[in-house]
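In: how would this look folded up:
(chains A, B, C and D)
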There are 4 protein chains.
Amino acid sequence: MSGNTYGKLFTVTTAGESHGPALVAIVDGCPPGLELTAADLQCDLDRRKPGTSRHTTQRQEADEVEILSGVFEGRTTGCPIGLLIRNTDQKSKDYSAIKDQFRPAHADYSYHHKYGLRDYRGGGRSSARETAMRVAAGAIAKKYLATLGIQVRGYMSQLGPIEIPFKTWESVEQNAFFSPDPDKVPELEAYMDQLRRDQDSVGAKISVVAEGVPPGLGEPIFDRLDAELAHALMSINAVKGVEIGAGFASVAQRGTEHRDEMTPDGFLSNNAGGVLGGVSSGQPIIAHLALKPTSSITTPGRSIDVDGNPVDVITKGRHDPCVGIRATPIAEAMMAIVLLDHLLRHRGQNADVLVGTPVLGQL
Amino acid sequence: MSGNTYGKLFTVTTAGESHGPALVAIVDGCPPGLELTAADLQCDLDRRKPGTSRHTTQRQEADEVEILSGVFEGRTTGCPIGLLIRNTDQKSKDYSAIKDQFRPAHADYSYHHKYGLRDYRGGGRSSARETAMRVAAGAIAKKYLATLGIQVRGYMSQLGPIEIPFKTWESVEQNAFFSPDPDKVPELEAYMDQLRRDQDSVGAKISVVAEGVPPGLGEPIFDRLDAELAHALMSINAVKGVEIGAGFASVAQRGTEHRDEMTPDGFLSNNAGGVLGGVSSGQPIIAHLALKPTSSITTPGRSIDVDGNPVDVITKGRHDPCVGIRATPIAEAMMAIVLLDHLLRHRGQNADVLVGTPVLGQL
Amino acid sequence: MSGNTYGKLFTVTTAGESHGPALVAIVDGCPPGLELTAADLQCDLDRRKPGTSRHTTQRQEADEVEILSGVFEGRTTGCPIGLLIRNTDQKSKDYSAIKDQFRPAHADYSYHHKYGLRDYRGGGRSSARETAMRVAAGAIAKKYLATLGIQVRGYMSQLGPIEIPFKTWESVEQNAFFSPDPDKVPELEAYMDQLRRDQDSVGAKISVVAEGVPPGLGEPIFDRLDAELAHALMSINAVKGVEIGAGFASVAQRGTEHRDEMTPDGFLSNNAGGVLGGVSSGQPIIAHLALKPTSSITTPGRSIDVDGNPVDVITKGRHDPCVGIRATPIAEAMMAIVLLDHLLRHRGQNADVLVGTPVLGQL
Amino acid sequence: MSGNTYGKLFTVTTAGESHGPALVAIVDGCPPGLELTAADLQCDLDRRKPGTSRHTTQRQEADEVEILSGVFEGRTTGCPIGLLIRNTDQKSKDYSAIKDQFRPAHADYSYHHKYGLRDYRGGGRSSARETAMRVAAGAIAKKYLATLGIQVRGYMSQLGPIEIPFKTWESVEQNAFFSPDPDKVPELEAYMDQLRRDQDSVGAKISVVAEGVPPGLGEPIFDRLDAELAHALMSINAVKGVEIGAGFASVAQRGTEHRDEMTPDGFLSNNAGGVLGGVSSGQPIIAHLALKPTSSITTPGRSIDVDGNPVDVITKGRHDPCVGIRATPIAEAMMAIVLLDHLLRHRGQNADVLVGTPVLGQL
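Out: Next comes the predicted model:
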């Protein structure tokens, strides 16, 4: 399969560039009988979309999704679901100055060498615009998972140097940062305002958690659940690192410290992040992703043009000073897509399995 | 594709458990005409194998690989290459005590819930024993990549709390730790000796670098090169985190600081780790992986048995107190496999592309 | 990989039902730099579309295709190409009578058992309407193949009991049947007129030929070129058989008779149909497909309803009395898609191969 | 996926040449808990193997299979099953004369152009020897399907010009031809004896039937069940055509004649061959394959060598005068593999589906 399709049984194929006519996706393998409307998808799309706060890009896109197929009388038929979002607010002339230049830290240089040509407007296919379709597809996955009691939610756990402790899930939906701590929000806003005055950008860390996942999901050895989560999350623009559970902190941990002991009442900790031997254990699945600072900033950067001459590049256009701010719904979507794909693969092969041992929760 | 096959054009399929008769692999899609002998594979297998120092498991396996097909008169034919390694030194009675118990932090519990039964001896399929086949397959990839000037090498960059700075590649092959700094070795040895007395284990961080990679490898958006590297590396037993380039340090970086500027003479830095927009840029590709401390330690741990009763589990048997010590060749192998798969995919689609712009090196 | 995606490197994913809002496709892996416009696709769509003669269904669909992505300044970028065709002339009330009935020889019964529900209007996803997207995607493949001198053309070789000998390619485009013999057309028309009066339908045989295919395409042993062609062609609605070259006539042939001998000037025959050992030989690739008679006829047929009660089913609506009449462009499209996918796979793995032996043509 | 792996959930990967050290396979995705021993596989291997009658090749291979992994205490674990068969009776010097010649109607010429080199001994990878592994893997699939009441059986329905009517399944196992009519056997033997004296070969037609298949298997639109069967069966060496149900006879059939009407007691016919709209209907699945006459005959044939010079080629070595004689177990194996893969895919996506409508049998 080519690089624009994700999944084995529940598959998501997307197309569409930042400044092309539209974004499109085909979601295949969704179980039949699920109630589904465009409004179900619009909800998560609105959480992601640009232009909703002063801290994100000022491009105004309605991101209205239309369902083209695969749903009949309000329920999925099991046939592939086509999705369409028209681009309406592309300002292509913002980019004409850089058509022959490679913006530093963007895909321009590498795409040029890969394809020999590129749609330079707004990053073309490399733009984060395409993530709108991931979110729409992920909303379908989330809805089905919810029928099985599986819930996927994320939040921002760090903005630049500012660590954000987890307080409540309710807070997450009540501010533009997806911050789980309402008390941190003024500090985050002040930091962002200064960043814009500095004409700079900063990175972020997002955490995403899946609860209610049954044990048994994951296909060792190569398609271990954590490996697939790493793949799906790292495929999001600007992600430079993925960790599960204790992640990089595991390096300095002792075995006696890292291992999650079990009692009949439950697991005593969750350093594993919900995945053991690449297979879900029933514990919450916890992943963290590191997003780099946006490459599109107005501070000039040194680069070259297509003829190899030195140039200074200023990226005009309307950009996120911190892409992490809108990343939470995208990370949730990718985790949901992976979980549903693995749920279907697991029950496909192992539907006969009866296990007497109870599933342990966490204390 | 099922979970035991990796890749799209250059594919690796493996089978085999820790205490079964043998490990086996089929490597498909290797370009024809490559000179190949079992000795080429044995080299990397010997770097990985157990029983070579007091710091790793004392299980003695010859790990002698046999080529069963796909090579004729010393060269690959383009037909699938079968590989076989017989297990010779399994001590199965070491495990009989735990056949009904779930060792904490092992795959036992999750595999039990996935399959309803498991080969409990030595972890069965979940054991790191299967990585021998990854290393053998990766050696084939490495050899072909070398014909194009692409080199993949790794080293240990941290052992527990001890950070190891990079000094030379030569050091890496001269000590049991794959340490790139010879001066650190006594400290590492002392630390490991104490760990064994403590009946405990610790984690490690491995770094792996690919040089000479042409720009253009990677298949956006889902099979971005970094996403596939994350998948491949996270699929290795005990890995809890993967980062590319600046990785998690990107979170706190400013855009002006993170971006790798370009001049006609080369890139000025490599925070990107050689991947831009999910496609290789020609810069060295740099990945780091976090390995958790070994779960098999002789200090008792609380757990339950298959009936849900509490038990204390002591993992007898011969185990690595730090799995990171033998992980370097495995990480190299997985990176080589991903790079070759992507090289073939890229030239498959884009063979017509002529790019005049020179490829930039790094200053 | 789910069932609505075809291909490994050049992949086609489609969605859309007979009476839904639209048909959509995503074509991924097209080499970059190919000149492409919607008009290129419209040409083949017009050859396929309904309502163009009295011998095919009277449903009037413009089948106007829109390119949503993957093309910039008139050339493919290497990024996925989204395609959209709106359904405009669905007459859904023609079907309300049969919502709880299973039309004999249709997918109704089997889809009901697979999904538990179905879009009963016009066959939903099982309708041949979806083939419009295959034709659009196939037109992209055809255009790229043409740049390499590869041409794919088909014709009707039998209509019901009437065998149609091959005279010229020019004739094929000059009648509604794709008949390669202009002298047969009156007989075919008379036969069809009578069929309509009989309220019945009949089958057909289509032949499709690819010329200029280089040797070396095909991926033994499972993805042999002929096996993939069989898959692609049998996936077309109503196809009940596929043969390559001499096909079923090979059964009674002697070895001395079947084998295509070679001289320095070329092959002396082509019973192999252009494929040897599953790999193209450079000879024209020749496949024949058998299409069954349309299941949608107005003569009542015995069946049951969803409760298991006997019913007589009359299929109203506007249907082809011979689906073979519009099948030629669909067969061409599928062959083109397979050939392009295999071209990319072959050059991906074997780009280094230099062969001195000249390629033989046919005498 | 590369060409030597078949399937999506239940996957079979094979390697091995006619004259290499061994054949090997990895079968992944087998449901856990199935009782399995090497003897289960040996049974079908013995039905296929050479040297068992004067009518097949005189090469003597024990074809003893060894299970290397994936089975513990007599039951499958859900982990991949490795299989090994050593080649013991290769006579490689039989082939040295033709190392630079292309045997007409063999893969030699096309493989040479694909890979630039080839293992010329006995056809290398293109030899039917590799089908031993398909049969072993297929035996695993057959055993699991049997636990669900699904049975796959085949027979020879035509040898050269001699049509063989179906009498009983018992006959099939009682003669070397897999003839379902005991009375035909003397005629078949006489025909074969004359063929050997003529130093020629002839084709055959094999029919394979699956009974007890539940409705719902098949993944429209591209992975329709009949399309996948066509792929799997056409991938067998020497197959030139595949048809389902009425197959090519459908071309001349009327719709009123072809359609299988339904009553509450069952289907009234089975022209569909058990597949409707690409999805199984619950009726017996019936496929027929056409095998071409063996290319390896001692009558000289005109060809060229690698330098393009004309040569006469005589194929020495021990060969089947009719490959169809041993093809029945191979066709059964491929059908079983496809059915199991689709069973797992179907239950993966549609496990929630409850259908009240009873499944119809055939009258």
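
In: can the longest helix anywhere in chain A be found next to chain D?
Out: Criterion DSSP state H: the longest helix present in chain A is helix A:327-350. Yes - Helix A:327-350 is in contact with chain D by CB under 8 Å from any CB of the partner chain, via A:344-350. In short, each C-beta sits where N, CA and C put it, glycine included.

In: what would the residues you listed look like in TSV with pLDDT?
Out: Output for the residues of helix A:327-350 next to chain D, formatted as TSV (pLDDT from 0 to 100):
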residue	pLDDT
A:Leu344	97
A:Arg345	97
A:His346	96
A:Arg347	95
A:Gly348	94
A:Gln349	93
A:Asn350	93
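
In: Check those against chain C and report the nearest one.
Out: Closest to chain C out of the residues of helix A:327-350 next to chain D is A:Leu344 (9.6 Å), distances taken as CB to the nearest CB.

In: how many neighbours does that closest one have?
Out: By the criterion of other CB atoms under 10 Å in any protein chain shown, A:Leu344 has 27 neighbours.

In: try the one 3 residues further on
Out: Counted with other CB under 10 Å, residues neighbouring A:Arg347 total 21.

In: my read: it touches D:Arg347, true?
Out: Yes - at 6.7 Å, A:Arg347 counts as touching D:Arg347 under the criterion of CB atoms under 8 Å.

In: Who are the contact partners of the nearest residue to A:Glu187 once chain neighbours are set aside?
Out: Closest residue to A:Glu187 apart from its sequence neighbours, by CB to CB, 6 or more residues apart in numbering or on different chains: A:Ile162 at 6.2 Å. The contact partners of A:Ile162, by CB atoms under 8 Å, 6 or more residues apart in numbering or on different chains, come to A:184, A:187-188, A:191.

In: Show me which of those residues are buried.
Out: Buried by 16 or more other CB atoms under 10 Å in any protein chain shown: A:184, A:188, A:191, out of these.

In: Confirm the last one sits in a helix?
Out: Yes - secondary structure of A:Tyr191 (DSSP: H, G, I helix; E, B strand; the rest coil): part of a helix.

In: That one contacts A:Gln158, correct?
Out: No - A:Tyr191 is beyond contact range of A:Gln158, at 11.6 Å (criterion: CB under 8 Å).

In: Please enumerate the shared neighbours of the two.
Out: Residues touching both A:Tyr191 and A:Gln158 (CB under 8 Å, 6+ apart): there are none.

In: Let me see the ranges of the strands in the stretch 151-300 of chain A.
Out: Here the stretch 151-300 of chain A has its strands, by DSSP state E, counting those that start in this stretch, at A:151-159, A:162-163, A:204-211, A:239-244, A:262-263, A:266-267, A:275-276, A:279-280, A:285-291.

In: For the fourth one, report the contacting residues that lie outside it.
Out: Meaning strand A:239-244. Residues contacting strand A:239-244 (CB under 8 Å, 6+ apart): A:203, A:226, A:229-230, A:233-234, A:272-275, A:285-292, B:226, B:230, B:234, B:240-248, B:250, B:273, B:290.

In: follow-up on the earlier one: turn the strands of the stretch 151-300 of chain A into TSV, columns for mean pLDDT and distance to A:Leu339.
Out: Shown next, in TSV, are the strands of the stretch 151-300 of chain A (pLDDT from 0 to 100; distance: least, CB to CB, whole Å):
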stretch	mean pLDDT	distance to A:Leu339
strand A:151-159	98	7
strand A:162-163	98	27
strand A:204-211	98	6
strand A:239-244	98	14
strand A:262-263	93	23
strand A:266-267	94	19
strand A:275-276	96	11
strand A:279-280	97	8
strand A:285-291	98	8
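
In: Now A:His19: phi and psi?
Out: With angles defined as degrees, to the nearest 10, A:His19 shows backbone torsions of phi -120, psi 20.

In: and the gap between it and A:Asn271?
Out: Distance, A:His19 to A:Asn271, by CB to CB, to the nearest Å: 45 Å.

In: In contact with whichever residue of the stretch 151-300 of chain A sits closest to chain B, which residues?
Out: Relative to chain B, the nearest point of the stretch 151-300 of chain A is A:Gly277 (2.2 Å; CB to the nearest CB). Residues counted as contacts of A:Gly277 (CB under 8 Å, 6+ apart) are A:220, A:224, B:106-108, B:110-111, B:123, B:126, B:237.

In: if you set the cut-off to 7 Å instead, what comes out?
Out: Residues in contact with A:Gly277 (CB atoms under 7 Å, 6 or more residues apart in numbering or on different chains) are A:220, B:106-107, B:110-111, B:126.

In: average pLDDT for stretch A:131-138?
Out: Taken as a whole, stretch A:131-138 carries a mean pLDDT of 96.

In: distance of A:Gly82 from C:Val311?
Out: Using CB to CB, A:Gly82 is found at 33 Å from C:Val311.

In: what about the two, which has more around it?
Out: Per other CB under 10 Å, whichever of A:Gly82 and C:Val311 has more neighbours is A:Gly82, with 31 against 17.

In: which SS class is A:Gly124?
Out: At A:Gly124 the chain is in helix, as set by three-state DSSP.

In: That one contacts A:Arg118, correct?
Out: Yes - using CB atoms under 7 Å, A:Gly124 is in contact with A:Arg118, at 5.7 Å.

In: Could you list the low-confidence segments of chain A?
Out: Per-residue confidence for chain A (pLDDT under 70) gives these ranges: A:1, A:50-54, A:56-60, A:90-94, A:316-320.

In: No further queries at this time; thank you.
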